[in-house]
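fold the following and give me the result.
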Amino acid sequence: LYHGHKGHCVYEKQQCHEAAIYACSWSNDSKWILTCSADGTAKMWILRGENPDSIFLDCGHTWNVAEQEFRRVSLDVLVSPTSSASTLSSGVPRGGMLCGCSLLYPTNQPIVVAVNGNLTLLPSISSVGGETQPYALVTSSSPRSVVITGHQENIQAMAIKGNLCYTGDVDGVIVEWDLTSGNSTRVVPSSMEGGDEELFYKVHRGAITGLAVMPNGDVKSVGWDDAFRTSFREKQHNMSMMRCLSSNDKKLLSQPVALGRGTFLLVVVMATGLTLYDKSGHWEEIVDLSYEPLSVAVSREDTLVAIGDTLGNVHLYDVASRRWIWKIQGAHFKGVSALAFSNDASLLASADVRDICIWNAEENYAPVVNKNRWCFHTQKIQCLAWAPHCNVLASGGLDDAIYLWCVEKKMTRIGYPFAHRGGVVGIDFYKDGKWLVTAGKDGCVCQWNVEADVMKKFGVTL
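Presented below is the predicted three-dimensional model:
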């Protein structure tokens, strides 16, 4: 501690932490100091003394943040999360090291941030007593520390089921979002099984390019580590979390480009071909393609698969007969970057760097909306989604914009510019179609109430 006017050192305390201290913060009344360290702990220090020449520090409380986080996610821990037994036998995980802290104004709520990006809200300060009880906590409203998490890098994929949204980023991290409460948790990767204590939550060892949520709640993911992985919900010590186990991994033939889901059928698009995965767990690989696939869509009944290629063509595959049944030649001027079947599979939407086209599946894929009509995106269109009960289509692109289109009102559109900085990579309807959920390269997930806009512009009830 240094004198505020004269600048000389008035007090020094050694061995405050077992590793480097990365940050400290004063309380609003200058009576306490919060510190955090690479040893994974945060400590509250009480300032004693009447004048600068006689002050000294007492440790009022210590939070072992890294210990509690590792205890929460590790499969090797057989003790209760409230046990005092140490579980970090091999040292503090790099992701659990604390690199920032603050006492929030005006409540003096302690908050710390770890190297893995997790923010931990610690129990609030209540009062400072005498020597026997130098520090107390408010525990009635917040009995435990609250962890706030999210993405540190660009989101690349999104999938929704019910009120849960899953997003995957370029670091290989998957985050589960509760769209009702706004709470978020990270999927715990298989690396935790073998004692990997890094706590960076990387489900894939590379960017995640596709996500899908199955009817039973399992999350399927593909990434640039050429792996197909399954995450499932697990309950442990009265806590529920999504976990990915390496025993469920499947190796892909090459790097995956996209992942499409109907109801039970999954289709993985790779540079060398396609892989079909049905509800019985059967794999079928189609590698004799005469084109380079770029995007995929699967009908809700699991009967049709649409593949967009880099030359602007759309190929239709019949699942029952296991044969290609149609080709929309020259559907686009550029590569087909996004596809989506309507809920009854009567319409197919396709998109490229500018145009969105609609094809009538019941009339040999005749154009309903052709090129140069829905052409208001200025960069590549990344995602498409149909409203569940009407012919309203949502699109998101790298131009940061979201658009809503209606098949019955082809000359009208609804635009939401600057929706996500860096581009929109995921889009879907939520709350029975009245809300829109989007994910972007800014690492954010947003919800949009579009019901009033759709009624005003299209005259359609979602």
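
quick one, phi/psi of the closest residue to residue 210 other than its chain neighbours?
Nearest residue to residue 210, sequence neighbours excluded (Cβ to Cβ, 6 or more residues apart in numbering): residue 259, at 2.6 Å. C-beta: built from backbone N, CA, C; applies to glycine. Residue 259 adopts backbone torsions of phi -130, psi 130, taken as degrees, to the nearest 10.

can you name the residues that contact residue 259?
Contacts for residue 259 (Cβ atoms under 8 Å, 6 or more residues apart in numbering) come out as 157, 209-212, 220-222, 266-269, 296.

which ones among those residues lie within strands?
By the criterion of DSSP state E, membership of the contacts of residue 259 in strands covers 157, 209-212, 220-222, 266-269, 296.

whichever of the residues you listed end up buried, select them in PyMOL.
To isolate in PyMOL the members of those that are buried, counting by 16 or more other Cβ atoms under 10 Å, one can use:
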select buried, resi 157+209+210+211+212+220+221+222+266+267+268+269+296
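
now tabulate the ones in strands among the contacts of residue 259 in a markdown table and tack on pLDDT and distance to residue 325.
Output for these, formatted as a markdown table (pLDDT from 0 to 100; distance: Cβ to Cβ, whole Å):
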| residue | pLDDT | distance to residue 325 |
| --- | --- | --- |
| 157 | 98 | 28 |
| 209 | 97 | 27 |
| 210 | 97 | 24 |
| 211 | 98 | 28 |
| 212 | 97 | 24 |
| 220 | 96 | 26 |
| 221 | 96 | 29 |
| 222 | 97 | 26 |
| 266 | 97 | 20 |
| 267 | 97 | 15 |
| 268 | 96 | 20 |
| 269 | 95 | 18 |
| 296 | 98 | 16 |
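
dump the residue contacts of the residue nearest to residue 462 when sequence neighbours are not counted.
Closest residue in space to residue 462, ignoring its immediate chain neighbours: residue 433 at 4.4 Å, by Cβ to Cβ, 6+ apart. Applying Cβ under 8 Å, 6+ apart to residue 433 gives the contacts 387, 388, 389, 390, 392, 462.

could you export the ones in strands among the contacts of residue 259 to a markdown table, including columns for distance to residue 179?
A markdown table is the format used below for these (distance: Cβ to Cβ, whole Å):
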| residue | distance to residue 179 |
| --- | --- |
| 157 | 17 |
| 209 | 23 |
| 210 | 20 |
| 211 | 15 |
| 212 | 17 |
| 220 | 20 |
| 221 | 19 |
| 222 | 23 |
| 266 | 23 |
| 267 | 26 |
| 268 | 26 |
| 269 | 27 |
| 296 | 25 |
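
which residues does the closest residue to residue 297 other than its chain neighbours bridge with?
Nearest residue to residue 297, sequence neighbours excluded (Cβ to Cβ, 6+ apart): residue 339, at 3.7 Å. Residue 339 has these beta-bridge partners by DSSP bridges: residue 350.

quick check, residue 339 in contact with residue 356.
No - counting by Cβ atoms under 8 Å, residue 339 stays clear of residue 356, with 10.7 Å between them.

overlap in contacts, these two.
Taking Cβ under 8 Å, 6+ apart as the criterion, residue 339 and residue 356 both touch 349, 350, 384.

how many neighbours does the second one have?
Burial of residue 350, expressed as a neighbour count using other Cβ atoms under 10 Å, amounts to 28.

gap between it and residue 376?
Look at residue 350 and residue 376: by Cβ to Cβ, to the nearest Å, they are 16 Å apart.

what of the last one?
Residue 384 sits at a distance of 14 Å from residue 376 (criterion: Cβ to Cβ).

next one: residue 414
11 Å.

which neighbours do those two share?
Common contacts of residue 414 and residue 376 (Cβ under 8 Å, 6+ apart): residue 403.

picking up where we left off before, nearest to residue 164, of the shared contacts of residue 339 and residue 356?
Nearest to residue 164 among these, counting by Cβ to Cβ, is residue 384 at 21.2 Å.

just give the closest residue to the closest one, not the sequence neighbours.
residue 340 (3.9 Å).

give me the pLDDT value at the one you found.
In this model, residue 340 is scored at 98, pLDDT.

ditto for residue 320
At residue 320, pLDDT is 93.

what residues are up against it?
residue 303.

that one and residue 304: what is the separation?
The gap separating residue 320 from residue 304 is 10 Å, by Cβ to Cβ.

same thing with residue 459?
Noted for residue 459: a distance of 30 Å to residue 304, by Cβ to Cβ.
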